[in-house]
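Asks: this one's sequence-less:
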């Protein structure tokens, strides 16, 4: 059973516009959520995270929104740049378990 | 800054052969992890070690063993490789838990089993 789902395998956005990547989860026990970016032939790199006690976290061009009642989070990238083209993974964890569960990823392509 | 180092970068095995994937981190992190990445499946947790001296199964542990050799090193062993284990394997480490203690990943080992 996939506890963390990214239902859009790919997304194309024009440079300068907003990119919105979505993630849904089924386990209401998750305490925190993270977003990672992955370029080909490299390991994933951490982007931004959010604790379940918050509904928004911002870091520069990246903002993560959490809607606990809908078990949904989203990553907004504004403005999108060609260098943002990568695969984005969301991940979630329950405090005390040390286990991070990842979604299947969304490939973002930012068109120049 | 080396971070998380994985060796080898590439490996081709025949069905039934064994091998060990090596991982070392220099960030003094307590927790270490092994993930595999397959097309359409995302990153799936194989095994993890919350601290030196402990290891636990993740989502897909069958066919694998691990050893937490010391605080720095965490190895993944395939005793009898199968084509279904063809994948990209990532090692990661973390200094703690919580939103402020993310995983740091190595650059992966691409394994092909024929």
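Replies: On my side now, so go ahead. If you're wondering where the values come from, they're calculated on a predicted model, not measured in any experiment.
Asks: Please, which helix or strand holds residue 43?
Replies: I went with chain A, as the question did not name one. For residue A:43, there is no enclosing helix or strand under DSSP states H and E.
Asks: ah, I was thinking of chain B
Replies: If you go by DSSP H and E, residue B:43 is part of strand B:42-49.
Asks: just checking, next helix/strand downstream of that strand?
Replies: Following strand B:42-49 in sequence order, the next helix or strand is strand B:56-57 (DSSP H and E).
Asks: Could you list the contact residues of chain B toward chain A?
Replies: B:4, B:31, B:33, B:35, B:40-45, B:48, B:50, B:56, B:58-59, B:90, B:92, B:94, B:97-100, B:102-108 (Cβ under 8 Å from any Cβ of the partner chain). Heads up, the C-betas are built off the backbone N, CA and C, glycines and all.
Asks: which of those are buried?
Replies: Among the residues of chain B next to chain A, those that count as buried by neighbour count (16 or more other Cβ atoms under 10 Å in any protein chain shown) are B:4, B:31, B:33, B:35, B:42-45, B:48, B:50, B:58-59, B:90, B:92, B:94, B:97, B:99, B:102-108.
Asks: In strands, which of those residues fall?
Replies: Where these overlap with strands, as defined by DSSP state E, the overlap consists of B:4, B:31, B:33, B:35, B:42-45, B:48, B:90, B:92, B:94, B:104-105.
Asks: now, the most widely separated pair of those residues?
Replies: The distance between the two most remote of those (Cβ to Cβ) is 20.0 Å, for B:31 and B:42.
Asks: Which single residue of chain A ends up nearest chain B?
Replies: Scanning chain A for proximity to chain B using Cβ to the nearest Cβ identifies residue A:43 as nearest, at 3.3 Å.
Asks: Can you name the residues that contact the closest residue to that residue other than its chain neighbours?
Replies: Nearest non-adjacent residue to residue A:43, counting by Cβ to Cβ, 6 or more residues apart in numbering or on different chains: residue B:105, 3.3 Å away. Neighbouring residues of residue B:105 by Cβ atoms under 8 Å, 6 or more residues apart in numbering or on different chains: A:36, A:43-45, B:4, B:90-92.
Asks: Would you mark the buried spots in stretch A:10-28?
Replies: A:11, A:13, A:19-25.
Asks: contact partners of that stretch?
Replies: Stretch A:10-28 has contacts (Cβ under 8 Å, 6+ apart) with A:1-8, A:33, A:35, A:68, A:71-82, A:84, A:88, A:90, A:92, A:94, A:101, A:103, A:106-112.
Asks: show me what contacts residue B:47?
Replies: Applying Cβ under 8 Å, 6+ apart, we find residue B:47 in contact with B:33-34, B:55-58, B:61, B:64, B:66, B:76.
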